[in-house]
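**Student:** would you be able to build a 3D model of this:
(2 chains)
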Amino acid sequence: DTGVSQNPRHKITKRGQNVTFRCDPISEHNRLYWYRQTLGQGPEFLTYFQNEAQLEKSRLLSDRFSAERPKGSFSTLEIQRTEQGDSAMYLCASSLVDSYNSPLHFGNGTRLTVT
Amino acid sequence: GESVGLHLPTLSVQEGDNSIINCAYSNSASDYFIWYKQESGKGPQFIIDIRSNMDKRQGQRVTVLLNKTVKHLSLQIAATQPGDSAVYFCAETGSSNTGKLIFGQGTTLQVKP
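**Tutor:** Numbers count the residues shown, from 1 in each chain, chains lettered A, B, ... in the order given. All right, here's what the predicted structure looks like:
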């Protein structure tokens, strides 16, 4: 399977704990995006990388959230001191930018439940 | 602010009929639009895209229409099948050049056998 891969698929954690999610994009894609999706809503942009550089962060991304993309390959999203409001599906997407517009290809997400 | 919205939350059609899903967008600077299909427990799946210099694009059983005058986007699915049942999202680039997409809330398509 050469699509976007996300791990774990599901994560249940207690409030206050830290969690980390991993995303492996399509190998030749240079842009990587993180989105959050709650039930019944469309995905909301969190942050994106071009190669290893994090170029934009949404105001939704509080200080408890941090994302990295070392070496411009896989990416991790960490949430510290989780809150119940963090419960959502976290989606990763990647794209190849060789022209201005190209579609984002999404993984199947990591569903986070904070109890 | 920037937003993308869909007119109907749920669309129910008979198997074999054509489906039309509508989307209104607010940012006239958007120059790229995509339709995604999302099945339960999965991520959004790319269906078809269209650039602002076009008003129609066809794929396999799907057609996207773009009306920039009224900022309206539609997805037409021909001969709808049970496997088409899913939530459909339109997305736009907004005024950003980062490639990030702004999504609407989605329309649930239910196909009755």
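**Student:** and whichever residue of chain B sits closest to chain A, how many neighbours?
**Tutor:** Minimum separation of chain B from chain A (Cβ to the nearest Cβ) falls at B:F103, amounting to 3.2 Å. Glycine gets a C-beta too; all of them are placed from N, C-alpha and C. Neighbourhood size, B:F103 [other Cβ atoms under 10 Å in any protein chain shown]: 23.
**Student:** how about the residues of chain B by chain A?
**Tutor:** Contact residues (Cβ under 8 Å from any Cβ of the partner chain) of chain B with chain A: B:4, B:31-32, B:34, B:36, B:41-46, B:49, B:51, B:89, B:91, B:93, B:97-106.
**Student:** try 6 Å this time
**Tutor:** Contact residues (Cβ under 6 Å from any Cβ of the partner chain) of chain B with chain A: B:32, B:34, B:42-44, B:46, B:49, B:89, B:98-101, B:103-106.
**Student:** for chain B, which segments count as strands?
**Tutor:** Here chain B has its strands, by DSSP state E, at B:4-6, B:10-14, B:19-25, B:32-38, B:45-51, B:56-58, B:62-67, B:72-77, B:86-92, B:102-103, B:107-112.
**Student:** low-confidence stretches in chain A?
**Tutor:** Within chain A, the stretches with pLDDT under 70 are A:1, A:98-100.
**Student:** number of residues surrounding A:D86?
**Tutor:** 19.
**Student:** no no, B:V62
**Tutor:** Counted by other Cβ under 10 Å, the residues lying close to B:V62 total 17.
**Student:** so what's it bridging to?
**Tutor:** B:I77 (DSSP bridges).
**Student:** hang on, the earlier thing: just say which of the strands of chain B is most tucked in.
**Tutor:** Most buried of these by mean neighbour count (mean count of other Cβ atoms under 10 Å in any protein chain shown) is strand B:86-92; its value is a mean of 25.
**Student:** and that strand with strand B:32-38, angle?
**Tutor:** For strand B:86-92 against strand B:32-38, the angle by axes from the mean of the first three to the mean of the last three Cα atoms, to 10 degrees is 160 degrees.
**Student:** where does pLDDT dip in chain B?
**Tutor:** For chain B, the ranges with pLDDT under 70 are B:1-8.
**Student:** and with 90 instead?
**Tutor:** For chain B, applying pLDDT under 90 flags the ranges B:1-9, B:25-29, B:31, B:93-100, B:104-105, B:113.
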